[in-house]
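> no sequence for this one, just the structure:
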């Protein structure tokens, strides 16, 4: 085969390798899901580990129940964006005492958090987030946007969030909100 | 025959008739019947004399009313004149010569003392042909209409279509248009006429469970349709049949249920109200809405929100969905699809597919809300929220040329399933606003009564679509309200009226 004929094939091969690399980088949820992190997130009931802290805005159900309200809290510092994202989610879903009310069902734990270079975060929560969910469109909206806004507000690198349940994509948590795509920050549900 | 014999015979016959007539008249029991005469000058009545089963009127009364002259010749013949035209009556003969033309009468004229009596048909058969104005004798109702007075004759019939639906038909002949308004416990039917010709009673009183208790005359041009205690709503349609104007009142009633508000029974197939089998009325205007899909949220293992005392969202949504269907079918005659009609689980995509595959013109998904705060209250209407990229993708659309049966090809517009709602968002928001307006004063509203959310069931709907949260089952007080029959009827009625107003804003074919 002449070098002139080999040139297009080589070019195609380079392009194919490039595309495959991009796809691999932009779809970490597939690879990450196949190999979930062995390191579990800190227990939500455990006290924050001693050491460095950052300030983060977390979200809870407002007094009227119709929206979320933001509360500034000190949370554990995480090394790198992914680790920090997991710390934020863990702090967000941790049990709270009155007058705060969490929109995330009690017993929910964070299994893993993945970030993509495109700014998408995948938050894998335990099955309780769905099985213990009390239902209702508003409840579901507030549950989802608690997680979405906690990450998008505190981590500028995160532009959208998709909630996974028990390592899998789900249609909805309780029959209303479409969870098949990452959702962007939405502060209209915040006071 | 000898003239003296003839004269004696006539005298005897006349006497006999007079005696018979006097006997007949004396045997009548008060009140004596009368013939009502309606004209532009007003209403008058002249007495009717019964001879056997035949109704007579006095010729003198007619003379006064119609400016007639009466002359009796020596042979006993009676000549009635009006503006140079004559009617000749002969005693003992059931005939009259009207301007030289013989017409029959049901009985010969009779003398009562000094007065001549003629059968009431004399007016329509003998007098009407020579009189200047129209004379319309309505013998069954003992009414004589003079001139161009509009006096439609009314007849009514009542049919019970099902336990929750009935039809009252009122025919007006000659045609007279009627307007129907609802008062507290009756419908008022007012006719565009000068008077009404009604049988008495127009409609026999109906037994107690009936949706319509009866029909009565209120005044000269107005009827009242008395409603039974189960009345829930009505639809009126008008059509023309030959010379008759037909008013059809389709009445629907409440479904009787034993479920108490505190402990609602799970809906079953047998508890479902029978759908009214009322066909659409004639002359329905062309509509942009033909089919409506009602989605009763949740179902089966997916019970939705629970109230503290055990009421379930899935039961509430199914009950209200059935009520909405009943009202729409009965009053609009539209096709209504329920995504589920019993207590079963239905995947979300299947709900949208029911609406899409049946080319529904509107999808209303019914739900009850829940909040972590027990005081949160109020209904809300949601439209789909689609992100900008998805909306642009769907809006750009795309056509694909596909082969057709029998050869050739056709451009088929391709719409991504998950983005089908994109092109209908403006109309969905319009319907949501109408729904909010109809809920006002009937259904307590949330502080954000209309909103957007990425709702799965709406995104795939290829028609205007909204999700209605009827209220909060997590609020104990509102849960009791939600499970009450009064609230469910109010909510269903509001949804129905929003649909009517939405339909009125659309041109035919606009939703597809």
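Sure, I can see it. What you see is a predicted model; the values in this text were computed from it and never measured.
> any chance you could map the strands in the stretch 251-400 of chain B?
For the stretch 251-400 of chain B, strands defined by DSSP state E, counting those that start in this stretch occupy the ranges B:291-296, B:335-338, B:362-369, B:379-384, B:399-403.
> quick one: average confidence on the second one?
The reference is to strand B:335-338. In this model, strand B:335-338 has an average pLDDT of 93.
> same for it, what does it pack against?
strand B:291-296, helix B:313-332 (3 or more CB pairs under 8 Å, 6 or more residues apart in numbering or on different chains; DSSP states H and E). For glycine as for every other residue, the C-beta is placed from the backbone atoms N, C-alpha and C.
> how far is the last one from where the chain is centred?
Same thing as helix B:313-332. 21 Å (CA atoms, centre = their mean, to the nearest Å).
> same thing with the first one?
With CA atoms, centre = their mean as the basis, the distance from the averaged C-alpha position of strand B:291-296 to the chain average is 25 Å.
> tell me what it is packed against?
Using 3+ CB pairs under 8 Å, 6+ apart: strand B:291-296 touches helix B:313-332, strand B:335-338, helix B:348-357, strand B:362-369.
> picking that back up, including mean neighbour count and mean pLDDT, could the helices and strands packed on strand B:335-338 go into a markdown table?
Rendered in a markdown table, the data for the helices and strands packed on strand B:335-338 read as follows (neighbours: other CB atoms under 10 Å in any protein chain shown; pLDDT from 0 to 100):
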| stretch | mean neighbour count | mean pLDDT |
| --- | --- | --- |
| strand B:291-296 | 26 | 96 |
| helix B:313-332 | 25 | 93 |
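> thinking residue A:54 is in contact with residue A:79, fair?
No - look at residue A:54 against residue A:79 with CB atoms under 8 Å: they stay out of range, at 11.7 Å.
> Compare these two and say which one has the larger neighbour count.
With neighbours defined as other CB atoms under 10 Å in any protein chain shown, residue A:54 and residue A:79 compare such that residue A:54 has more, 14 against 9.
> what are the bridge partners for residue B:452, then?
Per DSSP bridges, the residues bridged to residue B:452 are residue B:383.
> wait, doesn't it sit right on residue B:421?
No - judged on CB under 8 Å, residue B:452 makes no contact with residue B:421 at a distance of 11.0 Å.
> For these two, work out which one has more neighbours and name it.
Per other CB under 10 Å, whichever of residue B:452 and residue B:421 has more neighbours is residue B:421, with 28 against 17.
> hang on, the more buried one in a strand?
No - Residue B:421: not assigned to a strand; according to DSSP: H, G, I helix; E, B strand; the rest coil it is helix.
> Can you tell me the closest non-neighbouring residue to it?
In this structure, residue B:421 finds its nearest non-sequential neighbour in residue B:384, 4.6 Å apart by CB to CB, 6 or more residues apart in numbering or on different chains.
> mind listing what that neighbour touches?
By CB atoms under 8 Å, 6 or more residues apart in numbering or on different chains, the contact set of residue B:384 is B:421, B:425, B:428, B:452, B:453, B:454, B:455, B:458, B:459, B:461, B:465.
> who's in contact with the residue in chain A positioned nearest to chain B?
As assessed by CB to the nearest CB, chain B sits closest to residue A:136 within chain A, at 2.6 Å. Applying CB under 8 Å, 6+ apart to residue A:136 gives the contacts A:174, A:176, B:304-305, B:313, B:367-371, B:469, B:472-474.
> which residue does chain B bring closest to chain A?
residue B:370 (2.6 Å).
> wait, isn't that residue in contact with residue A:142?
No - in this structure, residue B:370 is not within contact of residue A:142 by CB under 8 Å, at 10.2 Å.
> Now do the same for residue B:223: helix, strand or coil?
Quick answer, by three-state DSSP: residue B:223 is strand.
> Surely it touches residue B:176?
No - counting by CB under 8 Å, residue B:223 stays clear of residue B:176, with 11.5 Å between them.
> ok so, going back, to residue B:126, which of the strands of the stretch 251-400 of chain B lies closest?
In terms of CB to CB, the element of these nearest to residue B:126 is strand B:335-338, at 57.7 Å.
> For that closest one, which outside residues touch it?
B:290-296, B:321-322, B:324-325, B:328-329, B:354-355, B:358, B:360.
> let's see it at 10 Å
B:272, B:275, B:289-296, B:318, B:321-322, B:324-329, B:354-355, B:357-361, B:363, B:366, B:499 (CB atoms under 10 Å, 6 or more residues apart in numbering or on different chains).
> so what strands line up beside it?
Note on strand B:335-338: by DSSP bridges, its sheet partners are strand B:291-296 (parallel).
> The strand it pairs with to helix B:348-357, inter-axis angle?
Here strand B:291-296 runs at 170 degrees with respect to helix B:348-357, directions being taken by axes from the mean of the first three to the mean of the last three CA atoms, to 10 degrees.
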